[in-house]
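S.K.: Following is a predicted model, sequence given first.
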Amino acid sequence: MDRETFRYYCSEDLKRFGNKKPNLKDWFLHNEVWYIFHYIRHLRYVEYYKDKNKFLYLWHLFRYKRLGFKLRITIYPGTIGPGLRIYHVGDFIHIGSNVRIGRNCTILPGVVFGNKYEMPDNTPITVGDNCYFGLGVKIFLGG
């Protein structure tokens, strides 16, 4: 991902938050919007620094994994286009590495893409633009 693409992704993600970054008050009060915003931000930094700066890549990967563990969210880098919005945390969210989702995607808790098998199934799952995935949506492919 080049610098212009990175900036575009971050600006589109920020638009989905109403062009307002969560502030120190949100962090102090443990509002979930702070955690979700920073999870998405660190996801974008991991995508950007993957082949550029190992130190910054590892720092953002650490923060991304830590927030993902805390929020119970697993979204693999490079799977979701610009304009990602996660409204709430609660139930597990999993978007595997074989998934490609377009721009302006909204995800609610309980969304799962793909199956877990003994033998990995790398069949690609492609979803278009402007998608809204409600509570508990499970999208399985193969079987």
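M.R.: Everything's here; your move.
S.K.: residue ranges with poor pLDDT in this structure?
M.R.: Scanning the chain with the threshold set as pLDDT under 70 gives 116-121, 142-143.
S.K.: residue boundaries of the helices in it?
M.R.: Under the criterion DSSP state H, the chain contains helices at 3-16, 24-28, 32-49, 54-71.
S.K.: most neighbours per residue, which of those helices?
M.R.: Comparing the helices of the chain by mean neighbour count (mean count of other CB atoms under 10 Å), helix 32-49 comes out on top with a mean of 21. Heads up, the C-betas are built off the backbone N, CA and C, glycines and all.
S.K.: what about that helix, distance to the chain center?
M.R.: Between the centre of helix 32-49 and the centre of its chain there are 7 Å (CA atoms, centre = their mean, to the nearest Å).
S.K.: now swap in stretch 87-97 and tell me
M.R.: 8 Å.
S.K.: and it, how far apart are its ends?
M.R.: Using CA to CA, to the nearest Å, one end of stretch 87-97 lies 22 Å from the other.
S.K.: And it, what's buried?
M.R.: By neighbour count on 16 or more other CB atoms under 10 Å, the buried set for stretch 87-97 is 89, 93-97.
S.K.: closest to residue 52 among the residues you listed?
M.R.: Residue 52 has its nearest neighbour among those in residue 97, at 20.2 Å by CB to CB.
S.K.: quick one on the thing from earlier: considering the buried residues of stretch 87-97, which is situated nearest to residue 83?
M.R.: Using CB to CB, residue 95 comes nearest to residue 83 of the buried residues of stretch 87-97, at 14.8 Å.
S.K.: can you pull up the bridge partners for that closest one?
M.R.: Here residue 95 sits in beta bridges with residue 75, residue 113, going by DSSP bridges.
S.K.: circling back: with distance to residue 126 as new columns, can the helices of the chain be given to me in JSON lines?
M.R.: Shown next, in JSON lines, are the helices of the chain (distance: least, CB to CB, whole Å):
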{"stretch": "helix 3-16", "distance to residue 126": "19"}
{"stretch": "helix 24-28", "distance to residue 126": "34"}
{"stretch": "helix 32-49", "distance to residue 126": "18"}
{"stretch": "helix 54-71", "distance to residue 126": "23"}
